[in-house]
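Chemist: Pasting the sequence and the predicted model now:
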Amino acid sequence: MSRRLTRFALVLFPLALSCAAASFDGKVYHGGDISFQVGPIPASWRTIEVEGTLLAFRDAEQKATIAVGARCGQDGDDVPLTALTQHLFLQFTDREPGEQKEITLDGRAALRSTLSAELDGVPKTFVVYVLKKDLCVYDFLWIKSHSAASESTEFDSFVHGFHALESR
């Protein structure tokens with residue numbers, strides 16, 4: 001795991017998770033107080049470990065990294081989705097916002113944003129979804145290098161399959 005990606009994860013996902021062991025069966029994640037299902041995972045996505053994330057994948061074909069984070073019962077209940085999205089990128093430089101649109105995800109309003117930014121001088125392109133549901137804030141990120149010519153279609157399907165579940 002690259003130092004930059006680890007630093008990126010630590011910047012983006014300051015989580016407070018309980019000590020319960022996490023599990024993911026390829027469709028459903030259970031960990032601590034958080035349980036959810038996601039959409040289809042393409043064959044080209046390989047699970048990777050990134051400190052501070054619940055799930056992370058590397059798509060070598062698309063030259064992209066996918067990360068899912070969540071935090072519950074903390075700071076997001078009264079904060080607008082736009083502010084929660086901006087908060088993810090406070091440590092980045094040369095931020096250039098792209099398209100931002102509100103969508104419905106798992107029966108709730110969510111915000112899908114695209115943007116370009118640099119971390120440690122390395123330019124990246126991002127597609128980010130932020131959702132607030134059941135006192136939790138969920139962040140879904142698709143990250144690629146500026147030079148990679150790839151599309152976020154599979155990532156969008158993965159996110160649109162999200163459904164929060166009751167913790168076991």
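Modeler: Done, it's in.
Chemist: going forward, measure contacts between C-alpha atoms and count neighbours the same way
Modeler: OK.
Chemist: now the strands: where do they sit in this structure?
Modeler: 23-24, 28-31, 34-37, 45-47, 55-59, 64-72, 93-105, 108-119, 122-133, 136-145, 163-165 (DSSP state E).
Chemist: Describe which strands the first one pairs with in its sheet and in which direction.
Modeler: With DSSP bridges as the test, strand 23-24 is paired with strand 28-31 (antiparallel).
Chemist: Distance from the strand it pairs with to the middle of the chain?
Modeler: Here strand 28-31 is found 15 Å from its chain centre; the criterion is Cα atoms, centre = their mean, to the nearest Å.
Chemist: Distance of the closest residue to residue 72 other than its chain neighbours relative to residue 48?
Modeler: Of all residues not flanking residue 72 in the chain, residue 136 sits nearest, at 4.0 Å (Cα to Cα, 6 or more residues apart in numbering). According to Cα to Cα, to the nearest Å, residue 136 stands 24 Å off from residue 48.
Chemist: higher neighbour count, those two?
Modeler: residue 136 (19 against 14; other Cα atoms under 10 Å).
Chemist: surely the more buried one meets residue 69?
Modeler: No - assessed by Cα atoms under 8 Å, residue 136 is found out of contact with residue 69, at 10.3 Å.
Chemist: what ranges of the protein fall below the confidence cut-off?
Modeler: For the chain, the stretches flagged by pLDDT under 70 are 1-20, 75-77, 147-149, 167-168.
Chemist: Thank you, goodbye.
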